[in-house]
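Undergrad: Predicted model and sequence below, questions to follow.
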Amino acid sequence: MKVSFVAEKTNEIFGRKEVEVQIEHTKAATPSKAVLQQYISKESSKEPECVEIMSIMSGKGNTVSKSVVYLWNDKKTEDLSKKIEKKAE
């Protein structure tokens, strides 16, 4: 999976960065929000709770998806990786 940051806008009113991301996932399915949240968290040096995946859009059969991500300064969102761990138990 290769992730490229396409556009970034700072929204001072809400205290967040709004980022458009392009995801290349050749020979793989469209990544889940949890996987993308963890990846963006590592790349942006933010805690997973400060990374909110708003959408992941992919056309049928495409190996490239687009996503809208909010990087919050203070707001805490749900850490989606915890959901996966609960389902596995």
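TA: Sure, I can see it.
Undergrad: what are the phi and psi values for the closest residue to Ala34 other than its chain neighbours?
TA: The shortest distance from Ala34 to any non-neighbouring residue, by Cβ to Cβ, 6 or more residues apart in numbering, is to Leu80 (3.6 Å). Every residue, glycine included, has its C-beta placed from N, CA and C. Here the main-chain torsion angles of Leu80 (degrees, to the nearest 10) amount to phi -70, psi -20.
Undergrad: isn't Leu80 right next to Pro48, touching?
TA: Yes. The pair Leu80 and Pro48 passes the contact test of Cβ atoms under 8 Å, sitting 7.5 Å apart.
Undergrad: Mind listing the shared neighbours of the two?
TA: Between them, Leu80 and Pro48 share the neighbouring residues Gln37, with contact defined by Cβ atoms under 8 Å, 6 or more residues apart in numbering.
Undergrad: quick one: the residue nearest to Ala34 from Trp72, how far?
TA: With distances taken as Cβ to Cβ, to the nearest Å, Leu80 is found 14 Å from Trp72.
Undergrad: looking at this structure, which helix or strand does the model trust least?
TA: Evaluated with mean pLDDT, DSSP states H and E, the helix-and-strand set of the chain has its lowest mean pLDDT in helix 80-88, which scores a mean of 61.
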